[in-house]
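Chemist: this is a predicted model, with the sequence first.
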Amino acid sequence: MRNATGAALAERMVREARAKARWREVDLASRLKEHHVKVKIAQQLRRQTPMSRQWIADRLRIGSASYVSNLLSSVDSKL
């Protein structure tokens with residue numbers, strides 16, 4: 001049950017972030033993997049949901065789980 005709830009929360013967060021950025025679903029595939037909007041969504045998902053890095057990579061069309069880690073650690077090191 002918890003995983004289903006986490007997935008529902010994550011999907012809602014992705015939809016809301018896309019709406020805020022005025023992106024359609026297809027924009028996730030057409031924008032660069034390292035686009036700042038995708039990175040911001042990935043950060044939020046990692047902090048606020050139980051979803052795996054691979055799920056985030058697949059959902060945001062970022063590539064691999066390791067690339068998600070690299071993007072997030074790169075952003076964290078700049079803060």
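Modeler: Everything's here; your move. Numbering: from 1, shown residues only.

Chemist: quick one: distance of the helix or strand hosting Ala19 to the chain centre.
Modeler: In the assignment (DSSP states H and E), Ala19 maps to helix 2-21. Relative to its chain's centre, helix 2-21 lies at 9 Å (C-alpha atoms, centre = their mean, to the nearest Å).

Chemist: in CSV, list the C-alpha atoms belonging to it.
Modeler: Provided in CSV are the C-alpha atoms of helix 2-21 (Å, rounded to 0.1, in the frame of the first residue of the first chain):
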residue,chain,number,x,y,z
ARG,A,2,2.8,2.4,0.9
ASN,A,3,4.4,2.1,-2.5
ALA,A,4,1.1,2.8,-4.3
THR,A,5,0.6,5.9,-2.1
GLY,A,6,4.2,7.0,-2.9
ALA,A,7,3.7,6.5,-6.6
ALA,A,8,0.5,8.4,-6.5
LEU,A,9,2.1,11.3,-4.7
ALA,A,10,5.1,11.2,-7.1
GLU,A,11,2.8,11.3,-10.1
ARG,A,12,0.9,14.2,-8.7
MET,A,13,4.1,16.1,-8.0
VAL,A,14,5.3,15.5,-11.6
ARG,A,15,1.9,16.7,-13.0
GLU,A,16,2.0,19.8,-10.9
ALA,A,17,5.6,20.6,-11.7
ARG,A,18,4.9,20.1,-15.4
ALA,A,19,1.9,22.4,-15.2
LYS,A,20,3.9,25.1,-13.4
ALA,A,21,6.5,24.9,-16.1
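
Chemist: what's it packed up against?
Modeler: Judged by 3 or more C-beta pairs under 8 Å, 6 or more residues apart in numbering; DSSP states H and E, the packing partners of helix 2-21 are helix 25-30, helix 36-48, helix 53-60. Placement of C-beta: from N, CA and C, glycine included.

Chemist: present those as a markdown table; the columns should include mean pLDDT.
Modeler: Formatted as a markdown table, the helices and strands packed on helix 2-21 follow (pLDDT from 0 to 100):
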| stretch | mean pLDDT |
| --- | --- |
| helix 25-30 | 97 |
| helix 36-48 | 96 |
| helix 53-60 | 98 |
